[in-house]
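> turn this into a model:
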Amino acid sequence: MTTKELQDEEAEALLSIYESDQAFKQINPTTYQYKYGEEDNNKSFLVELVWTPEYPNEAPQINLDTFYNRNLVVSVKEKIQGVLEEEAQQWLGCGMTYTLFECLKERLEELTSAQPEHTKVVAEVTEEVEKLEVSGKAPKKEHLTKAQKRRQWERTDHKGERPRGWNWVDIIRHLSQTGGKSQDNPQS
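The predicted structure follows:
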């Protein structure tokens, strides 16, 4: 059998096995996803397997960099990736997508044991700072002219705070400019 025939046969089998499983999703004829864990749980993750043209004679590409996995710790991602690659090497030449998905189901607790229950916003901020440091670019600051700075300073109480009511609307002036409804012409 050719690789295309093997892929078609496996795709048909996968669709029949996971027909009513909400966690399984076929993106296209060569890309399959499976979601593990409960929906709003930090220990849940999504695995995407992409078949190469030579699949099943070579391992599928494993993608854990989906938006759904944004809260996964890097060490957990690496652990999942390692388990999938190791398992895929054992099944070269055979349809292995079902086997890889089921392997993760069996080892779910073990693989997500290092994942914290709650992610912290601090970790995300730290990652952003590290990205900025790596890129070497500081965020661009707004440069004001002396006149603009002076105008901003004069609008405050010289302590940096604006006076109470600075953004209130003068109703009388507003209505005179917009032309409020007149009472002389009652609508019929």
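> so which bits of stretch 6-21 are buried?
6, 7, 10, 11, 14, 18 (16 or more other C-beta atoms under 10 Å). C-beta coordinates here come from the backbone N, C-alpha and C atoms, glycine included.
> residues contacting the fourth one?
For residue 11, the contacting residues are 26, 29, by C-beta atoms under 8 Å, 6 or more residues apart in numbering.
> from residue 3, how far out is it?
12 Å (C-beta to C-beta, to the nearest Å).
> follow-up on the earlier one: make TSV out of the buried residues of stretch 6-21 and add secondary structure and distance to residue 148.
Formatted as TSV, the buried residues of stretch 6-21 follow (DSSP: H, G, I helix; E, B strand; the rest coil; distance: C-beta to C-beta, whole Å):
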residue	secondary structure	distance to residue 148
6	helix	68
7	helix	64
10	helix	65
11	helix	63
14	helix	63
18	coil	61
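> burial of residue 46, as a residue count?
18 (other C-beta atoms under 10 Å).
> shouldn't it be in contact with residue 65?
No: judged on C-beta atoms under 8 Å, residue 46 makes no contact with residue 65 at a distance of 10.1 Å.
> quick one, helices of the chain?
Here the chain has its helices, by DSSP state H, at 3-17, 74-90, 97-106, 108-111, 121-135, 146-154, 171-178.
> and those, which is most packed in?
Of all the helices of the chain, helix 97-106 carries the top mean neighbour count, a mean of 16, counting by mean count of other C-beta atoms under 10 Å.
> and the angle for that helix with helix 3-17?
50 degrees (axes from the mean of the first three to the mean of the last three C-alpha atoms, to 10 degrees).
> run through who's touching helix 97-106.
Helix 97-106 is contacted by residues 10, 13-14, 17, 24, 32, 34, 36, 47, 49, 51, 60, 80, 83-84, 87-88, 91, 111 when judged by C-beta under 8 Å, 6+ apart.
> what do you get if the cut-off is 10 Å, keeping everything else the same?
Residues from elsewhere that reach helix 97-106 (C-beta atoms under 10 Å, 6 or more residues apart in numbering): 7, 10-11, 13-14, 17-18, 21, 23-24, 32-34, 36, 45, 47, 49, 51, 55-56, 59-60, 62, 80, 83-88, 90-91, 96, 111-112.
> spatially central residue for this structure, please.
Geometric centre of the chain, nearest residue: residue 67, 2.5 Å, by C-alpha atoms, centre = their mean.
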